[in-house]
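# Structure of the sequence below:
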Amino acid sequence: MNLINVFSSINSKEVLKYLPDAVIVAEADGKIVWVNNKATIIFEAEKNILKHYYIDDLIDGGMEVLEKSAARRVSVVAGAFTPNSKEFFVELNVKKYESEYFITVRDVTAMTHVLTMAEKTGRLNKEKNLMISKLSNDFKSPLQAVASFSQALMDGAAGQLTEKQAKYIRIINKNASEYNVFVDKFLEFSQAESSLIPPDFQTFDLIASIQSVIKAHEAAFINKNIMINLDCDELRKRVIYSEENYLKMILSNVIETSITLTDIGSINIRVINPDINTVKSRGLDVPMGAYDSSYVMITVKDSGMGLQSAELDGLFEPYVQVDKTNRKNFVRTLALGTSNILLKKLNGVIWAESEVMKGTSFNIIIPIDKYEPQVNDDFEDFYSEEE
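Purely as a prediction, here's the structure:
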């Protein structure tokens, strides 16, 4: 079969007429000279009616939108109107041939409404978190005062307490201390979701940072008689490029969680360079030129009681857990949720593996090299060849 003869016999206008997208041909001044069947459906008017209109009559900022799409070779979303003044949204792709514009039009009203609502929800959520973070002292000060004064009473600052008074004061102190931790984690999560913790990427000693986090939790390890081990023998380089404060907060929350899950035993922290296939299997985008030592994997494994499969569901998503857990477990999810948010800002990932009676492993992968953005000239090459 001679394909050249077959294609040369096809009537291009017949093809355009039945395309799934609307097609409009307009002159240099925007006057519509031809439309296909789909265009009559989208704009709810017959062909002979549409051909009396200019692009500016049907598309908000019509000619400007056409020029923008044609010049930049990109799709453009714009407001549109039917001849009966019904408003909706369309996506336009425009190609200019000599003095005419060939325009494909797709109705994206439903998608635009979804994106608009998502943007509005995201903006409101960010503003809510900013407000909560700025009011952090107003939340924390009363709780700290209750915890401090109740502790002072327990220490005899106001004289000898009766057995009943001492019992009530211990209950007040215990609850105030627990709620203080809850508020700290809640505010930390709100700050992570907001823009109040701007990233500061730089080079730093990874092992020194991990050791400083371990040191900060030394009292908790001693109090619960937990052995802590750090294994970084397989790490190829200690100095990495990332956000040190983010990473310290991530590790601190993970280690705190491991401590709460472990009554006695050990917590082992292992640092390695994962292979690229492991990185890809976790859904991370691996840039060209990346290799195994371009990433670091930190595993925090405890010898605690472990988590059941039901507890693993939504472990890093506090909003999912609101109706499912008690306050103690919710604090854990807030801490891990903060780590999850910060890791996404580092282009990293976290996940947990657990087995009842055998402990829990928290695994973290982050990129540790600085990459320059890659310029993709594929589209330019395509259009230059086409022209």
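# contacts and neighbour counts: CA atoms only from here.
Fine.
# quick one: contacts for residue 300?
By Cα atoms under 8 Å, 6 or more residues apart in numbering, the contact list for residue 300 reads 254-255, 258, 267-270, 361-363.
# Distance check, it against residue 349.
Distance from residue 300 to residue 349, counting by Cα to Cα, to the nearest Å: 14 Å.
# Restricting to C-alpha, output the helix or strand where residue 146 lies in CSV.
Element membership for residue 146 (DSSP states H and E) is helix 136-154. The C-alpha atoms that make up helix 136-154 are tabulated as CSV, following Å, rounded to 0.1, in the frame of the first residue of the first chain:
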residue,chain,number,x,y,z
SER,A,136,2.0,30.3,69.5
ASN,A,137,2.9,32.2,72.7
ASP,A,138,-0.7,32.8,73.5
PHE,A,139,-1.3,29.0,73.3
LYS,A,140,1.8,27.9,75.2
SER,A,141,2.2,30.5,78.0
PRO,A,142,-0.9,29.4,80.0
LEU,A,143,0.0,25.7,79.8
GLN,A,144,3.6,26.4,80.8
ALA,A,145,2.4,28.4,83.7
VAL,A,146,0.2,25.6,84.9
ALA,A,147,2.9,23.0,84.5
SER,A,148,5.5,25.3,86.3
PHE,A,149,3.4,26.3,89.2
SER,A,150,2.0,22.8,89.8
GLN,A,151,5.6,21.5,89.8
ALA,A,152,6.5,24.2,92.3
LEU,A,153,3.7,23.1,94.6
MET,A,154,4.8,19.5,94.3
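# Can you spell out which helices and strands pack onto it?
Helix 136-154 sits against helix 163-193, with contacts defined as 3 or more Cα pairs under 8 Å, 6 or more residues apart in numbering; DSSP states H and E.
# ok, 10 Å please
Here helix 136-154 touches helix 109-134, helix 163-193, going by 3 or more Cα pairs under 10 Å, 6 or more residues apart in numbering; DSSP states H and E.
# Next secondary structure element downstream of the longest strand seen in the chain?
In the chain, assigned by DSSP state E, the strand with the most residues is strand 87-97. Sequence order places strand 100-107 as the next helix or strand after strand 87-97, per DSSP H and E.
# what lines up beside that following strand in the sheet?
Note on strand 100-107: by DSSP bridges, its sheet partners are strand 22-27 (antiparallel), strand 87-97 (antiparallel).
# Centre of the chain to that strand, how far?
Here strand 100-107 is found 34 Å from its chain centre; the criterion is Cα atoms, centre = their mean, to the nearest Å.
# now stretch 40-51
42 Å.
# Mind pulling up the pLDDT for residue 290?
Residue 290 is assigned a pLDDT of 83 by the prediction.
# Quick check: the gap between it and residue 277.
With Cα to Cα as the criterion, residue 290 and residue 277 are 11 Å apart.
# Between the two, which contacts overlap?
Residues within reach of residue 290 and of residue 277 at once, by Cα atoms under 10 Å, 6 or more residues apart in numbering: there are none.
# centroid residue for this protein?
residue 344 (5.5 Å; Cα atoms, centre = their mean).
# how far away is that residue from residue 100?
Distance from residue 344 to residue 100, by Cα to Cα: 46 Å.
# what do you get for residue 229?
72 Å.
# Between these two, which has more neighbouring residues?
residue 100 (17 against 14; other Cα atoms under 10 Å).
# mind listing what the nearest residue to the more buried one once chain neighbours are set aside touches?
Nearest residue to residue 100, sequence neighbours excluded (Cα to Cα, 6 or more residues apart in numbering): residue 27, at 4.6 Å. By Cα under 10 Å, 6+ apart, the contact list for residue 27 reads 33-34, 54-55, 96, 98-102.
# redo that, cut-off 8 Å
33, 99-101.
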